[in-house]
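Q: What follows is a predicted structure for the sequence shown.
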Protein chains: 2
Amino acid sequence: VAAGPSRLGEGAEFDLIRRFLAEPSDAAAAATAGGVLVGPGDDAAVLADGTVVSTDLTIEGVHFRRSWLAPEELGWRACAAALSDLAAMAARPLGVLASIAVPAGERTLAVPIMAGLRAAADAAGAALLGGDTSRSPGPIFLDVTVLGHAPRPVLRSGARPGDTLWVTGRLGGAAAAVAAWLAGGEPDAEARVAFARPVPRLREALWLAERGVPTAMLDLSDGLAGDSGHLAAASGVRVVLDSGRVPLHPAAGKRRDLALGGGEDYELCFTAGPGAAEAVRAAFTAAYGIELTQVGRVEAGSGVWRMTADGGLEPMDRGGHDHFESEGE
Amino acid sequence: VAAGPSRLGEGAEFDLIRRFLAEPSDAAAAATAGGVLVGPGDDAAVLADGTVVSTDLTIEGVHFRRSWLAPEELGWRACAAALSDLAAMAARPLGVLASIAVPAGERTLAVPIMAGLRAAADAAGAALLGGDTSRSPGPIFLDVTVLGHAPRPVLRSGARPGDTLWVTGRLGGAAAAVAAWLAGGEPDAEARVAFARPVPRLREALWLAERGVPTAMLDLSDGLAGDSGHLAAASGVRVVLDSGRVPLHPAAGKRRDLALGGGEDYELCFTAGPGAAEAVRAAFTAAYGIELTQVGRVEAGSGVWRMTADGGLEPMDRGGHDHFESEGE
């Protein structure tokens, strides 16, 4: 249930759909009473028994170009992106369903795509439960549904004033690859891997949640500026980013905009009560070989703000973009 | 987890994908041990706790044409088709996730599509749990994932020699509509409704399963000939169809081929032990206003056979077709 940088965009019509998804119907209200803990609007839905479910679209010409990815990588990436929504909820992966449509003349493409998808599911300990297949009269189309289990899911809505804001790993690698491709070049190997073979932070999220660290969490699919905006809106708080502290992926060089506005890093972004993340930071890095970095704080208010050089605050441009939006496809 | 008449087809490559989905991986094997009762290959997957999940693709130019359906009908039909996979397992619907991609210039289309989808979910008592949205650089894509619960799911694999074969309702209505459109005409109102507003047989399936009637069951998405072949293969039996007894939808007129080979009726097809279906037939019709009709029997062997006029048997053409396969799209 993600809204990545390359999704429909922020038009009025799309807001309508969002509202539609968020507005409870009679059946939804009954279901909430009877079995749905978390409905639309978080990274994934959660049923009363702790079942977590989410679905994630990947479309050729919107989320990737054919020339960017080998078919196995496309399958891996689509599945990893969907699994990342389970990580965002601190859910243990259980199964994956894959719907795939490929052009009629290229049916063989489905085999390596499915192999990559399956490899990502295997790596996460998730079973391939099924799916659907069709020819496509247009682009390659992949929709991956993931099922998991979270006895205590971490929502987007739990951040409170006084919390600190953290990210795992380093940001901007995938965006650096996209930027290189869009400029007509080839990304360097590290950037390419960040885009083509993201690894969802499933174990990391469980580890943090088992220690009660995150008060709110999501995965970075829109970019830090946009995603911390989602967290702020869901929690009813203001997020203040200290952009100078954002850990840059080596491939992003000094381009802080790629880390703030570029999406698809699939790192975790979470808030924590005073001292909670600091207390586990060293153990986390020892366990997983990546850093936890504080990138901001939570205050009363709304929206995403950035600290200025003189110690003031200014509203943050949300960033996030559609790679191809301007091409009029 | 359906394979409708308009899906990829029966080529060698597609068999490969099917095998891929069916072949257990290490993770799948672990999951089977740890939580998956039914993996790929049935109408839906079933987890150990009785959670049933399935996903169903609907693509413009493959499964429908824009001129055939109003956007609300498209949403309804896509959701009903997915819910029908829950009926096939005798599962109670719980929730629906919808992934939808529409052309960038027609974003408003997503609103009525989603409204129709939601109406079908509401009618089934299923909550809209979430989804994903994107623009499409090509046709309209819809992928609907359904979640339900079946303490005792009815599989495709339970048919035994001596069982009888039954269907609910009348067959061939949706195929009559497609035939009219493909011939350049307009279907009559009953045929159009059969295609545009199918009603998944959810309550009917639960009713039958609660009485222990079906030994094996699926929903008719490929057509009776093709779908009874799936049932025969899963159960390791031969199905003998008495095609003269197949109940024809009024819109199908005398075209028995539409009932046998045409898909998307979303009626139930099930096998039952001797006398079991006969015993509940009148009560079923009293409860739901539709008939249960015996259309064949189960024998030792394999494949689908048809009784000939002289009382012999001949192998049945599986029927099932891709509406647009020959157009080379």
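A: Cool, got the structure. Numbering: from 1, shown residues only, chains lettered A, B, ... in the order given.

Q: If you count contacts, what does the longest helix along chain A end up packed against?
A: Longest helix in chain A by number of residues (criterion: DSSP state H): helix A:71-88. Packing partners of helix A:71-88 (3 or more CB pairs under 8 Å, 6 or more residues apart in numbering or on different chains; DSSP states H and E): strand A:51-59, strand A:92-103, helix A:110-123, strand A:141-149, helix A:189-196, helix A:202-210, strand A:214-219. Every C-beta, even on glycine, is put in place using the N, C-alpha and C of the backbone.

Q: what element comes up after the longest one heading to the C-terminus?
A: Sequence-wise, the next helix or strand downstream of helix A:110-123 (DSSP states H and E) is strand A:127-136.

Q: Give me the helices and strands touching that following strand, please.
A: Packing partners of strand A:127-136 (3+ CB pairs under 8 Å, 6+ apart): strand A:92-103, helix A:110-123, helix B:12-22, helix B:26-34, strand B:51-59.

Q: And the average pLDDT for the third one is what?
A: What it means is helix B:12-22. Helix B:12-22 carries an average pLDDT of 53.

Q: tell me the contacts of the residue lying closest to A:Ile113 once chain neighbours are set aside?
A: Nearest in space to A:Ile113, with sequence neighbours left out and distances taken as CB to CB, 6 or more residues apart in numbering or on different chains, is A:Gly75 at 4.1 Å. Listed by CB atoms under 8 Å, 6 or more residues apart in numbering or on different chains, the contact set of A:Gly75 reads A:112-120, A:142.

Q: State the pair within those that is farthest apart.
A: Spatial extent of the contacts of A:Gly75 (CB to CB) is set by the pair A:Ala119 and A:Leu142 at 14.4 Å.

Q: More neighbours: these two, which one.
A: Shown here are A:Ala119 and A:Leu142; by other CB atoms under 10 Å in any protein chain shown, A:Leu142 has more neighbours (30 against 18).

Q: Looking at that one now. What's its pLDDT?
A: Looking at A:Leu142, the pLDDT reads 97.

Q: I'd say A:Arg135 and A:Ala110 touch.
A: No. Contact criterion CB atoms under 8 Å: A:Arg135 and A:Ala110 do not qualify, at 9.4 Å.

Q: Quick one: low-confidence residue ranges for the stretch 1-150 of chain A.
A: A:1-34 (pLDDT under 70).

Q: Now the closest residue to chain B within the stretch 1-150 of chain A: closest residue in space that isn't a chain neighbour?
A: Residue nearest to chain B within the stretch 1-150 of chain A: A:Gly138 (2.0 Å; CB to the nearest CB). Closest residue to A:Gly138 apart from its sequence neighbours, by CB to CB, 6+ apart: B:Gly138 at 2.0 Å.

Q: Would you list the phi and psi of that neighbour?
A: Taking degrees, to the nearest 10, you get phi -140, psi -130 for the backbone angles of B:Gly138.

Q: what about it, distance to B:Arg92?
A: 36 Å (CB to CB, to the nearest Å).

Q: neighbour count winner among those two?
A: The neighbour count for B:Gly138 versus B:Arg92, taken as other CB under 10 Å, is higher for B:Gly138 (23 against 20).

Q: just checking, the more buried one touches A:Pro139?
A: Yes. If you go by CB under 8 Å, B:Gly138 and A:Pro139 touch, sitting 5.0 Å apart.

Q: Spit out the residues that contact the two alike.
A: Listed as contacting both B:Gly138 and A:Pro139 by CB under 8 Å, 6+ apart are A:Gly61.

Q: how about the closest residue to chain B within the stretch 151-300 of chain A, secondary structure?
A: Distances from the stretch 151-300 of chain A to chain B, computed as CB to the nearest CB, single out A:Ser221 as the nearest residue at 10.8 Å. At A:Ser221 the chain is in coil, as set by DSSP: H, G, I helix; E, B strand; the rest coil.

Q: if I read this right, it contacts A:Ala81, doesn't it?
A: Yes. The pair A:Ser221 / A:Ala81 is scored as a contact, 7.0 Å apart, by CB under 8 Å.

Q: Compare these two (neighbour count), which wins?
A: With neighbours defined as other CB under 10 Å, A:Ser221 and A:Ala81 compare such that A:Ser221 has more, 28 against 25.

Q: Now the phi/psi pair for the more buried one, please.
A: A:Ser221 adopts backbone torsions of phi -110, psi -30, taken as degrees, to the nearest 10.
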